[in-house]
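Visitor: show me the folded form of this:
(2 chains)
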Amino acid sequence: MNNVITIIGKRLGLGLLTMFMVSVIIFLAVNMLPGDFAQALLGQSATPEAVAAIRKDLGLDKPIHIRYFDWLLGAVQWDFGTSFAKANFSSYAGTTADANFGTVADQLAPRFANTLFLAGVTAAIAVPVSLIIGVLAALYRYSIFDRIANVSTLTSISSPEFFVAYVLILLLAVLSPVFPSLSNIHDGMDFGQKLEKTMLPALTLTLVVTAHMMRMTRAAIINLLASPYIEMARLKGLSPFRIIVVHALPNALAPIINVIALNLAYLITGVVVVEVVFVYPGVGQLFVDSVKIRDIPVVQACCLVFAAAYISLNLIADVMSILSNPRLRLPK
Amino acid sequence: MTLNISRRTALKTAAAAGALSVAGMPAMAAPKHGGTYRIGMSGGNTSDTWDSRTHSDSFMINMGAGCVFETLTEVSSAGELVGELAESWEASPDAKIWTFNLRKGVTFHNGKSFGADDVIASMNMHVEEGAKSAAKPIVSAVSEMKKLSDHQVQFVLKSGSADFPYLVSDYHICMFPAGQIAEAIAGGIGTGPYKVVSFEPGVRALVTKFDDHWDADNRGYFAEVEQIFIADASARVNALMTSQVDAINRVDFKSVKLLNAYINIDIIEVTGNMHNTFPMLVGNAPFNDVNVRRALKYAVNRQEMVDKILLGHGAVGNDHPIGPANQYYAADLEQTEYDPDKAKFYLKEAGLSSLNVDLSVSDGAFGGAVDAGQLYQNSANGAGVNINIVQEPADGYWSNVWLKKPWCACYWSGRATEDWMFSTAYESGVPWNDTGWENERFQKLLLQGRAELDAGLRGEIYREMQGICRDEGATVVPMYQNYVDAKSNRVENSGKTGNLWMLDNLRSCKRWWSA
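Guide: Reported below is the predicted structural model:
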């Protein structure tokens, strides 16, 4: 058991190191973005003095390493600062209106909750479905069922997301109005309403991520079927279903867990297009809107949250695959 | 020609007749109160606030001046200037002193009553230290504001301006409660027929009827207005077709035919003042030569651009910025047509046999600007003008290309009055004069027209100015772009919608009702 704790500790340490490196990259990359918040804000009326005044207000005139450490120190305390748009606005009103306006964290939190909700609903549909189809495809490999499952999932993953989205809107919102085409969930809705509104984007994303997970499940199991111990099980006269579910699946878990984690991370970070089509108020839209107006604190916070999601999900996947594999769990 | 009355026209006529009959028989076809009005709107931003000084796109204009706040005057659906919070106004003969009589019995959403102090405080917001209001030029033209009584304000202007009552209809100049401006900006407290329930910038806004509104019977018929920010044009159309919203703005031209096939959806299309331009910086050769400019004006095939870029949803421009929604639009001014021979003639006048120019374009200037540039290139070819299209990034277009590159693509949403439009972008020395063009006669007429109260004389002055722009100016205005919006038949209007701005001048929440 101690072994496991050391492994987890090591992985955590590595994860933190990665986070730190990512934060440096994010900060440098965002600062290298062409354009400037002051210019984006003032637009057609950007005079050099006005730009300089705004830059000074926001602390953009300080050297880059000082700004980085200020930001990092805040970020580890879940304080991503005040978004430029809001900071500028309170100086605008000429009042101490700051208290009335959220920080970046306040702006990000509800959006992130929405994104997690969508990812959760999608995962609740996609993971069981792809595991079941994957196992069945391995069981009846090279059968008609296997081929149909492969062709249909590969078709849906190969189509652009917005295309899948519009096909679903056409089928499920226009031709037979089962679900609403607009997923503008908000706080006033109860869970059922939110679930109904989220159904179409969740189904779209399900179609997008299923192929990956289903095919990995199928491949990992089929790969194991050539092993001697499976042959032994077969010689014992076990049913194919029992061989796959009881003997092969536990040993195939590691790659499956990894691919699930990767897809979950994708669901949190990469669904901007789906959010735009369904008007879903998630982090992706906030991120794109903020890049558009060069609102650096929000952009950086979004990047950091995305990176954290990727790293922690990978970490969990690593730990779980270690736990699922006695050879890794108890190294000699 | 056979008289062909479409179903839609018939409906509109019926609706208009209904509206007319209201006066005589109040029981018939009167607007209904109640219901929820849901709008899918473009132009939202995560940096949006209730500060009307910063409002620049449809989402906040419709929520601000269109729901929660009110302005002193407004432009009606028929295009007339009518009072909103001002009951009446009068000018001194030189148009320098304007006295506004305010409505009595108006209250803010927080219970404070509205009066002269609020007007003065709200005007001052635009000129206070550090304020970056788009309405600053309007308010800084006022030298003194006097409170004559609780419900009467006098503005003394630095120089005469016949358009002053028009200017205060600007959606930036909303009335805020004096002494509580910071709270009003934070929470959205105005005098409008709707009060704020919830507001998520860049996502959604929900407002409900304000029962103590001074004209609750005739303005703001809906019980509730929900506005959803939908950035994607196809998503807006989808939302309307699947009854998720009752109205949408900026229907993309390709979807119009599709929506027309739905009998429960009405397309609302008006030609307003929005126009696409190609401004030339006259400080740069060869644009300093008026003959070169004329040659380029004759080298563009305007009708082709309207047909191919706007898919017919627009009208040809005549190289001046005054549009059909302006009072003194000179519709009878002779139209500059595509004429390669004339273009060649003016090139010869300029001492040139052929001409090579760069045109900077980007779809950030206006949708389809790159294609428009290519059409221009093609039509100019026949006139011996070789246009080299330089494609610029959309990102940062307004800071890096516009006002900087010698010839580029641009658009203007237009202004409610001639003077306002000319003095924003055509007057000598103003920062947004995007050509640097100056003309003595034009400048003289501009000042003359500004202080002239006689409508007939103003008409002549502005007609001449439009002519000067067309013949001497440095801006090619190939086309006016229509506002195309759509509504479902779950909401009704009087049949007449304003053409100053989209969706009934962005006043549909105050003027329309549930069917």
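
Visitor: looking at chain B, what residue ends up closest to chain A?
Guide: Residue of chain B nearest chain A, by C-beta to the nearest C-beta: B:S47 (3.1 Å). For the C-beta atoms, the positions are set from N, CA and C on the backbone; glycine is no exception.

Visitor: tell me the secondary structure of that residue, please.
Guide: Following DSSP: H, G, I helix; E, B strand; the rest coil, B:S47 is assigned to coil.

Visitor: count of residues packed around it?
Guide: 22 (other C-beta atoms under 10 Å in any protein chain shown).

Visitor: if I look at it, how far off is A:V298?
Guide: Separation of B:S47 from A:V298 (C-beta to C-beta, to the nearest Å) stands at 10 Å.

Visitor: try B:N493
Guide: Look at B:N493 and A:V298: by C-beta to C-beta, they are 39 Å apart.

Visitor: compare neighbour counts for the two and give me the winner.
Guide: The neighbour count for B:N493 versus A:V298, taken as other C-beta under 10 Å, is higher for A:V298 (28 against 22).

Visitor: where does chain A dip in pLDDT?
Guide: Applying pLDDT under 70 to chain A flags residues A:1-2, A:34-50, A:57-58, A:84-102, A:331-332.

Visitor: so which residue is smack in the middle of it?
Guide: The centre of chain A sits closest to A:I268, judged by C-alpha atoms, centre = their mean, with a distance of 1.9 Å.

Visitor: now that one, nearest residue through space, not along the chain?
Guide: The shortest distance from A:I268 to any non-neighbouring residue, by C-beta to C-beta, 6 or more residues apart in numbering or on different chains, is to A:A309 (4.5 Å).

Visitor: and the one you found, what is it in contact with?
Guide: Neighbour list for A:A309: A:265, A:268-269 [criterion: C-beta atoms under 8 Å, 6 or more residues apart in numbering or on different chains].

Visitor: do the same with B:H320
Guide: Per C-beta under 8 Å, 6+ apart, neighbours of B:H320: B:333, B:465-467, B:469-470, B:473, B:477.

Visitor: tell me which element the nearest residue to it once chain neighbours are set aside falls in.
Guide: Spatially, and ignoring its direct neighbours in sequence, B:H320 is nearest to B:C469 (3.7 Å; C-beta to C-beta, 6+ apart). In this structure, B:C469 is located in helix B:455-472 according to DSSP states H and E.

Visitor: return the set of buried residues in that helix.
Guide: The neighbour-count check on helix B:455-472 (16 or more other C-beta atoms under 10 Å in any protein chain shown) flags B:458-459, B:461-470 as buried.

Visitor: same check, this time on stretch A:157-164
Guide: Those would be A:157, A:161-162, A:164, for stretch A:157-164 by 16+ other C-beta under 10 Å.

Visitor: how about stretch A:305-317?
Guide: A:305-311, A:313-315, A:317.

Visitor: adding distance to B:K510 and secondary structure, write the residues you listed out as JSON lines.
Guide: Shown next, in JSON lines, are these (distance: C-beta to C-beta, whole Å; DSSP: H, G, I helix; E, B strand; the rest coil):
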{"residue": "A:V305", "distance to B:K510": "41", "secondary structure": "helix"}
{"residue": "A:F306", "distance to B:K510": "42", "secondary structure": "helix"}
{"residue": "A:A307", "distance to B:K510": "47", "secondary structure": "helix"}
{"residue": "A:A308", "distance to B:K510": "46", "secondary structure": "helix"}
{"residue": "A:A309", "distance to B:K510": "44", "secondary structure": "helix"}
{"residue": "A:Y310", "distance to B:K510": "48", "secondary structure": "helix"}
{"residue": "A:I311", "distance to B:K510": "51", "secondary structure": "helix"}
{"residue": "A:L313", "distance to B:K510": "49", "secondary structure": "helix"}
{"residue": "A:N314", "distance to B:K510": "54", "secondary structure": "helix"}
{"residue": "A:L315", "distance to B:K510": "55", "secondary structure": "helix"}
{"residue": "A:A317", "distance to B:K510": "55", "secondary structure": "helix"}
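
Visitor: of those residues, just say which sits nearest to chain B.
Guide: A:V305 (15.5 Å).

Visitor: tell me, which of the buried residues of stretch A:157-164 make contact with chain B?
Guide: Residues of the buried residues of stretch A:157-164 in contact with chain B (C-beta under 8 Å from any C-beta of the partner chain): none.

Visitor: mind putting those residues into CSV with secondary structure?
Guide: Supplementary listing: the buried residues of stretch A:157-164 in CSV, determined by three-state DSSP:
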residue, secondary structure
A:I157, helix
A:E161, helix
A:F162, helix
A:V164, helix
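
Visitor: farthest-separated two in these?
Guide: Maximum pairwise distance among the buried residues of stretch A:157-164 (C-beta to C-beta): 14.0 Å, between A:I157 and A:F162.

Visitor: is chain A contacted by stretch B:352-361?
Guide: No: judged by C-beta under 8 Å from any C-beta, stretch B:352-361 stays clear of chain A, getting no closer than 16.0 Å.

Visitor: where does the stretch 351-500 of chain B come near chain A, residue by residue?
Guide: Residues of the stretch 351-500 of chain B lying close to chain A (C-beta under 8 Å from any C-beta) are B:395-396, B:398-399, B:402-403, B:431-432.

Visitor: just the ones of the residues you listed in strands?
Guide: Members of those lying in strands (criterion: DSSP state E): none.

Visitor: what about burial for those, which qualify?
Guide: The neighbour-count test (16+ other C-beta under 10 Å) marks B:395-396, B:398-399, B:402-403 as buried among those.

Visitor: out of the residues you listed, the closest to B:N284 would be?
Guide: For these, the nearest to B:N284 is B:L403 (12.1 Å; C-beta to C-beta).

Visitor: and the closest residue to the closest one other than its chain neighbours, how many neighbours?
Guide: Nearest residue to B:L403, sequence neighbours excluded (C-beta to C-beta, 6+ apart): B:D434, at 5.6 Å. If you count neighbours by other C-beta under 10 Å, B:D434 ends up with 22.
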